[in-house]
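Fold the following.
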Amino acid sequence: MNLQWTINRLRVMHAGELRHRGSQYLHAQLQRAGFARSSPAPAGAGRGRPWLEALPQGISADTYRQAAERVLAGRFTLFGSDERMLGLPPEWNRDPETGTCAPLGFGKTLNYRDSRLVGNIKYLWELNRQLELVTLAQAWRLSREARFAHGCHTLIDSWIRACPYLMGPNWTSSLELALRLVNWSCTWYLLDGDQSPVFRGAEGTGFKQRWLNAVRQHCHFIAGHLSRHSSANNHLLGELLGLFIGATTWPCWAESRRWQRAAREQFAAQALLQNGPDGVNREQAIWYHHEVADMMLLAGLTARANDCDFSPAFWQRLEAMLDFIAGCMDAGGHVPAIGDADDAVIVRFCPAADFCVYRSLLATGSVLFGRGDFKLKSGFFDDKSRWLLGDAAAARFAALETAAAGQRLRRSFDSAGYYILGSDLDTTREIRMVIDAAPLGYLAIAAHGHADALSFTLSVAGRPMLIDPGTYCYHTQRRWRDYFRGTSAHNTVRIDGVDQSVSGGSFLWLRHATARCIELERAAGVERIVMEHDGYQRLDDPVLHRREIVYKQAPAIIDVIDSLVCRAAHSVEILWHFAPECVVRLGGGIATATQGPVTVELRWPAGLQAQLVKGREDPCLGWISPRFAEKTATFTLVISGRVPASWSGVSSLKLSISS
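I've put the predicted structure just below:
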C-alpha cells in the first residue's frame, strides 16, 4: 500500500515539488549526518508580550481545577472527548490507541505511515501536542496551587528527555512541532514567564535552560522543513504560526528576528491565499476552516500585542470567515460536517465538555468586529473568548446590540461555491439548506475534501434533518475512510457505483470533479439554484450531472431535479442521509422522517426503487460520525435503478413544523 501511495503521489507532483522534495531529502540526510543542526546557544534576555496584557480574573476555577486534576491523575483527553489513562508523565513515543511504541530512529526518515512501526500516528501526535499543559497552567493561574505548575514542569521536562532532538516520531512533522510550540508559548505566559515558580532554584534554572534550548530546536526545525507544495494548506499555515509565535515569545537568539519576520510575512500571504475573498477556506472542510480561523486569531492577537499587526485585509478576511460559519449555522447552533474533521484544536483554552468551537469563534468575533449578529448566533461570551480578549471584552459583548442575524449575514459564497437557501432564518420556524457546488478541495491532492458535489444539508426549526455524515477516521481502517469521504456518504447522486472523484489514498485525490453554479434566483417565497459537475465525464459513456433545487416557502416544499446528460443508460443511486435523531419510515411510495415537531415527507422519481438502510457494514452505508473515531448507525434512504440516456427525475420534500 505504501508503494502504491508513492506511485499515486508521484502522479500529481510537478517539477517544482519534485525539486523541493529532493532538496528536503538532502537537508534531512545532512542533519542525520550531524550537519545543518540547531547548535546550543545561550538564550538572550529578550521576551515577547503575551497576546493579552491583563489575563482574565473573572473565570471560575472549578472547571479548570477539575480538568487539571484529571491530568495529574494521568488522564489525557484526545480529540475533544476520548479520555485515556496514560500516566504522568505518559510514554511520549507510544501510540495511545494501539500501544505500539515507535522507535527512536532519525525522525525525518521514519515511515510514520506504517502502522506496524508507529501504530496510529494520529493519536501519537495528538498526545504530543501537549494541550494539557494549558489546562494545568490555567488551573495554576486561577488557583495558584503549586502542584498544577509542577505538573507543567513534569510534562515538558519528561518530553524533552524522552524525545531527543531529531529522533523519533515527534521529530517528523513540522506541523506537530509548531502546534507544540504554540501550546508551550501559551503555557509560558500563563505561568508568568521568567518569573514562573517552576524556574526557582537550581533544578528550576536547569529546566528553564533545557526548555529554551528545545524551543530553539523547534524553531530551527520548522524553518528548515516548511510544507511548500502539496501540503501547503493548513499544514503550512500551522507551521508558520508556530514559528511566528515561537520567535515572538522568545526573541532570544540571533536568528529570532529573521524567523519572526519571515513567518509573519508568509503567514499573512498564505492567510489571504488559502481563504477566498468570500471568506471560505479553500480546503472545503469546515472543521479546518475553523482551525485556520483560530490560527489567524492567535497570530493576529500576538502580532497586535507585539507591535507588528497584520494588515486590515487580514482582519477583514478573518471576519469574512466568521460570516461563513454564521451562515452555515442553523438556529439550533448546528454546523454541517462538510469535508474532513478530526476534532483537534490548536490550543484547548476551554476544557468544558459542552464547548462549541463555532459558537466561541462567533463570540470572539462579535467583540473584535462589533457584530451584533455574531453575538446572537454565539449565544453567550464563552471562556475561550475571555482568555483571548480579557474580562473587559465580556462587558463589551454584553453592551453589543443584538442584531437579527438574517439582516446582515451572507447567503451566497460564490468564490467557494456554497449557497444558503431557506426562510425564517435564525427563528424557531427556520428552514435552512447549505448547498454544495464547491471544488473538491485545495491544491493537487485536495487532502481534506470529500466527493460531495451537489450535495446539500437540511435543517428545520433548528433541527438537522438531512446531514453530512462526517469523517470517522484518517490513517487507519481504509474502507471506512473511503466510505465517509466517498459519494455514497453524501446527499447527492452516485452513478454506476463509483465516486464522483478518483481517490489515490487517504489524503489524495487523483481526479477531481469540478462543480459550478449555473443559475441562482431569489424571489419572494421562491428560491432556485441550478448546478452541475463533470466528475462522471471520465466514464466510457461520459455523464454530466445537473441538479436543480427549487424551494417554495408556502407550503414549504423542496423540489430536487436531477438530470443526467449522456448517450446511454446508467445505474443511479440518489442518497438521502438522515440525522440520527430522526425516526424514518418507508411506505406507500413515501419516506417520512420525523424529529420532534418537524416532519419531512420525501417522494422520489417514478420507476426507481427505495431502500431504507441503517448501519450496514458490507458495503458500508447508513452511518454518521458525530466526532473523530466514533460512528453510529443512522437511516439512509437509497433511491436506485437503471435510467435511460438524458434522464431527468424529481425528488420532492414536503416540510412541516407542528405548533
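
and stretch 346-364, how far from the chain's centre?
In terms of CA atoms, centre = their mean, to the nearest Å, the centre of stretch 346-364 is set 13 Å apart from its chain centre.

Quick check: buried residues in it?
For stretch 346-364, burial by neighbour count (16 or more other CB atoms under 10 Å) applies to 346-351, 355-364. C-betas here are computed from N, CA, C, even on glycine.

Wait, Lys377 touches Leu362, no?
Yes - under the criterion of CB atoms under 8 Å, Lys377 makes contact with Leu362 at 5.2 Å.

which residues do those two both contact?
Contact criterion CB atoms under 8 Å, 6 or more residues apart in numbering; residues shared by Lys377 and Leu362: Ala326, Met329.

one step back: in the buried residues of stretch 346-364, find the pair that's most separated.
Pro351 and Leu362 (20.0 Å; CB to CB).

Make sure Glu601 is actually in contact with Ala591.
Yes - if you go by CB under 8 Å, Glu601 and Ala591 touch, sitting 7.5 Å apart.

who's more crowded, these two?
Higher neighbour count among Glu601 and Ala591: Ala591, with 23 against 15, using other CB atoms under 10 Å.

tell me what the one helix or strand Gly300 maps to is packed against?
Assigning secondary structure by DSSP states H and E places Gly300 in helix 286-305. With contacts taken as 3 or more CB pairs under 8 Å, 6 or more residues apart in numbering; DSSP states H and E, helix 286-305 sits against helix 234-249, helix 256-274, helix 312-328, helix 357-369.

May I have it exported as PDB, CA atoms only?
Below are the C-alpha coordinates for helix 286-305, written out as PDB (Å, rounded to 0.1, in the frame of the first residue of the first chain):
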ATOM      1  CA  ILE A 286     -15.500  23.300   7.700                       C
ATOM      2  CA  TRP A 287     -13.500  21.900  10.700                       C
ATOM      3  CA  TYR A 288     -10.300  23.000   9.100                       C
ATOM      4  CA  HIS A 289     -12.000  26.300   8.200                       C
ATOM      5  CA  HIS A 290     -12.400  26.800  12.000                       C
ATOM      6  CA  GLU A 291      -8.900  25.700  12.700                       C
ATOM      7  CA  VAL A 292      -7.400  28.200  10.200                       C
ATOM      8  CA  ALA A 293      -9.600  30.900  11.600                       C
ATOM      9  CA  ASP A 294      -8.200  30.000  15.100                       C
ATOM     10  CA  MET A 295      -4.700  30.200  13.700                       C
ATOM     11  CA  MET A 296      -5.400  33.700  12.300                       C
ATOM     12  CA  LEU A 297      -6.900  34.800  15.600                       C
ATOM     13  CA  LEU A 298      -3.900  33.600  17.600                       C
ATOM     14  CA  ALA A 299      -1.400  35.100  15.200                       C
ATOM     15  CA  GLY A 300      -3.300  38.300  14.900                       C
ATOM     16  CA  LEU A 301      -3.700  38.900  18.700                       C
ATOM     17  CA  THR A 302       0.000  38.000  19.200                       C
ATOM     18  CA  ALA A 303       1.100  40.400  16.400                       C
ATOM     19  CA  ARG A 304      -1.000  43.300  17.800                       C
ATOM     20  CA  ALA A 305       0.400  42.800  21.300                       C
END
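
buried ones in that helix?
So for helix 286-305, counting by 16+ other CB under 10 Å, buried means 286-303, 305.

Could you check how many residues crowd around the residue lying closest to Thr476 once chain neighbours are set aside?
Counting by CB to CB, 6 or more residues apart in numbering, Asn120 is the residue found nearest to Thr476 once chain neighbours are left out, at 5.5 Å. Residue neighbour count, defined by other CB under 10 Å, stands at 20 for Asn120.

next one: Val583
When counting by other CB under 10 Å, one arrives at 11 neighbours for Val583.

now the one 10 residues further on
Counted with other CB under 10 Å, the burial measure for Ala593 works out to 24 neighbours.

what comes up buried for the longest helix seen in the chain?
What stands out as the longest helix in the chain, according to DSSP state H, is helix 201-224. Buried residues in helix 201-224, counted by 16+ other CB under 10 Å: 207-208, 211-224.

Could you pull out the buried residues of stretch 604-620?
Buried, per 16+ other CB under 10 Å, within stretch 604-620: Trp604, Pro605, Leu608, Ala610, Leu612, Val613, Cys620.

The second one: what's it in contact with?
With contact set as CB under 8 Å, 6+ apart, Pro605 has these partners: Asp562, Ile574, Ile639, Gly649, Val650, Ser651.

Give me the distance between it and His577.
18 Å (CB to CB, to the nearest Å).

Could you tell me how far the helix holding Gly300 lies from the centre of the chain?
Using CA atoms, centre = their mean, the offset of helix 286-305 from its chain centre is 12 Å.

now that helix against helix 312-328, angle please.
150 degrees (axes from the mean of the first three to the mean of the last three CA atoms, to 10 degrees).

tell me the angle of helix 286-305 relative to helix 256-274?
Interaxial angle, helix 286-305 versus helix 256-274 (the same axes, to 10 degrees): 140 degrees.

where does the stretch 401-550 of the chain dip in pLDDT?
404-408 (pLDDT under 70).

Helices of that one, start to end?
For the stretch 401-550 of the chain, the helices defined by DSSP state H, counting those that start in this stretch occupy 478-485.

now swap in the stretch 51-200 of the chain and tell me
Along the stretch 51-200 of the chain, the stretches classed as helices by DSSP H, counting those that start in this stretch are 62-72, 115-118, 121-128, 132-143, 146-162, 174-190.

would you list the ones you listed in CSV and tack on distance to Gln537, mean neighbour count and mean pLDDT?
Output for the helices of the stretch 51-200 of the chain, formatted as CSV (distance: least, CB to CB, whole Å; neighbours: other CB atoms under 10 Å; pLDDT from 0 to 100):
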stretch, distance to Gln537, mean neighbour count, mean pLDDT
helix 62-72, 52, 18, 97
helix 115-118, 36, 16, 95
helix 121-128, 34, 24, 97
helix 132-143, 49, 25, 98
helix 146-162, 51, 19, 98
helix 174-190, 35, 25, 98
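
out of those, which comes closest to Gly46?
The nearest among the helices of the stretch 51-200 of the chain, by CB to CB, is helix 174-190 at 13.5 Å.

what packs against that closest one?
Helices and strands touching helix 174-190, by 3+ CB pairs under 8 Å, 6+ apart, are helix 121-128, helix 132-143, helix 146-162, helix 201-224, helix 234-249.

What's the local residue count around Glu283?
Residues near Glu283, counting by other CB under 10 Å, number 25.

same question, Ala262
Neighbours around Ala262, by other CB under 10 Å: 17.

which residues sit in contact with it?
By CB under 8 Å, 6+ apart, the contact list for Ala262 reads Ala223, Leu243.

and it, how far is that from Ala268?
Using CB to CB, Ala262 is found at 11 Å from Ala268.

Torsion angles phi and psi at Thr599?
phi -130, psi 130 (degrees, to the nearest 10).

That one reaches Leu655, doesn't it?
Yes - applying CB under 8 Å, one finds Thr599 in contact with Leu655, separated by 7.4 Å.

mind listing what Gly589 touches?
Per CB under 8 Å, 6+ apart, neighbours of Gly589: Arg603.

err, Ala303, not the other one
With CB under 8 Å, 6+ apart, Ala303 has these contacts: Phe244, Thr248, Arg264, Asp309, Phe310.

and Gly649, that's in a strand?
Yes - under DSSP: H, G, I helix; E, B strand; the rest coil, Gly649 sits within a strand.

How about the contacts made by it?
Neighbours of Gly649 in contact, by CB under 8 Å, 6+ apart: Ile561, Asp562, Ile574, Trp604, Pro605, Ala606, Gly607, Leu608, Val643.

Arg528 now?
Glu519, Leu520, Glu521, Glu548, Ile549, Val550, Tyr551.

okay, now the last one: neighbour count?
In other words, Tyr551. Counted with other CB under 10 Å, residues neighbouring Tyr551 total 24.

That one falls within a strand, correct?
Yes - read with three-state DSSP, Tyr551 is one of the residues of a strand.

I'd guessed it sits against Tyr419; true?
No - the pair Tyr551 and Tyr419 fails to qualify as a contact (CB under 8 Å) at a distance of 11.0 Å.
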